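Peer 1: Here's my sequence, what's the structure:
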Amino acid sequence: MNIYVLMKRTFDTEEKITISGGSINEDGAEFIINPYDEYAIEEAIQVRDANGGEVTVISVGNEEAEKQLRTALAMGADKAVLINTEDDVENGDQFTTAKILAEYLKDKEADLILAGNVAIDGGSGQVGPRVADVLDIPYVTTITKLEINGETVTVTRDVEGDSEVIETSLPLLVTAQQGLNEPRYPSLPGIMKAKKKPLDELELDDLDLDEDDVEAKTKTLEVYLPPQKAAGRVLEGELGDQVKELVNLLHSEAKVV
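Peer 2: Numbers count the residues shown, from 1 in each chain. From the prediction side, this is the model:
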């Protein structure tokens, strides 16, 4: 099988976000593979091991993403591709990323494309479905189980606290939800092998794209941190007095009643 994984480099989930000059400060910050993309990588490896084929992990961004791509190779992926947009895209959005990925994938004859359900930094969940739409292939989001039997695929997905089972066919794009699997840690032999696995770097010119083709469809007006939460208040005294005070506070301060 010809399997591709869409991977994003994101802030470490333990990283404290700061704002500098109206944008998120990346200086000294730790970055990781987007956690939902780890489920996608793991599932791709398992599908390859069960059905044969090759796993290629793709990322759009700057050269710093090479570290996360090497981690994906150490997990067991066969190849990696970095589409470096640092010099060509100043302010991209989900349309930008999806357009670039779809342009790369359009002639690759992919059987299965996997992505994370959402990225933990943006959380829009748009890129995977947008890529599938451009490639004109079916897609299923938030999957928790994937079974492939020849060209037939049975998928279980999360829906509002319940599950839905869908039968479809290849080629197919799916986005991975937590619970799909347990991503493996790169082993020492895997890390050593990853150094010799192919990691190709492309630019927009290599895809016959220019800046106008991938111009963002949205504009960020402002970036700011949420207001700091005030400390909680403990009410004291008789229960009846506490209830009266609580109702008064909800009305006068919280303004919810």
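Peer 1: quick one: A102 is in a helix?
Peer 2: Yes. According to DSSP: H, G, I helix; E, B strand; the rest coil, the state of A102 is that of a helix.
Peer 1: List the contacts of it.
Peer 2: R130, V131, V134, L135 (CB atoms under 8 Å, 6 or more residues apart in numbering). Placement of C-beta: from N, CA and C, glycine included.
Peer 1: Excluding chain neighbours, what is closest to it?
Peer 2: For A102, ignoring the flanking residues on the chain, the nearest one in space by CB to CB, 6 or more residues apart in numbering is V134 at 3.8 Å.
Peer 1: Check K106 too.
Peer 2: Nearest non-adjacent residue to K106, counting by CB to CB, 6+ apart: L135, 6.4 Å away.
Peer 1: E245 versus the closest residue in space to Q242 that isn't next to it in sequence, what's the distance?
Peer 2: If the residues on either side of it in the chain are set aside, Q242 comes closest to L235, at 4.3 Å by CB to CB, 6+ apart. Counting by CB to CB, to the nearest Å, the gap from L235 to E245 is 6 Å.
Peer 1: Likewise for T141?
Peer 2: 46 Å.
Peer 1: More neighbours: which of those two?
Peer 2: T141 (20 against 14; other CB atoms under 10 Å).
Peer 1: Need the three-state assignment for the more buried one.
Peer 2: Secondary structure, three-state DSSP: T141 is strand.
Peer 1: Per the annotation, how does the protein divide into domains?
Peer 2: According to automatic domain parsing, the chain comprises the domains 2-214, 227-257.
Peer 1: how far does the shortest one sit from the chain's center?
Peer 2: Yep, that's domain 227-257 we're talking about. 40 Å (CA atoms, centre = their mean, to the nearest Å).
Peer 1: That domain: end-to-end distance?
Peer 2: In domain 227-257, first residue to last residue: 22 Å (CA to CA, to the nearest Å).
Peer 1: and what of the longest one?
Peer 2: In terms of CA to CA, the two terminal residues of domain 2-214 are separated by 26 Å.
Peer 1: Quick check: which element contains T144?
Peer 2: Under the criterion of DSSP states H and E, T144 resides in strand 139-149.
Peer 1: Provide the strand pairings for that strand, with the direction of each partner.
Peer 2: Strand pairing for strand 139-149, using DSSP bridges, gives strand 152-159 (antiparallel), strand 172-176 (parallel).
Peer 1: could you list every residue that touches Y224?
Peer 2: By CB under 8 Å, 6+ apart, the contact list for Y224 reads I19.
Peer 1: Figure out the helix or strand that it lives in.
Peer 2: Counting by DSSP H and E, Y224 is part of no helix or strand.
Peer 1: I'd like to know how far it sits from E14.
Peer 2: The gap separating Y224 from E14 is 21 Å, by CB to CB.
Peer 1: Now the phi/psi pair for the closest residue in space to T144 that isn't next to it in sequence, please.
Peer 2: The shortest distance from T144 to any non-neighbouring residue, by CB to CB, 6+ apart, is to G179 (4.7 Å). The phi and psi values for G179, taken as degrees, to the nearest 10, are phi 100, psi -10.
Peer 1: how many neighbours does N149 have?
Peer 2: 9.
Peer 1: And it, what's its pLDDT?
Peer 2: For N149, the pLDDT comes out at 93.
Peer 1: and it, what does it touch?
Peer 2: N149 neighbours (CB under 8 Å, 6+ apart): none.
Peer 1: quick one: what helix or strand has the residue nearest to the spatial centre of the chain in it?
Peer 2: Nearest residue to the geometric centre of the chain (CA atoms, centre = their mean): A119, 3.5 Å. For A119, there is no host helix or strand (DSSP H and E).
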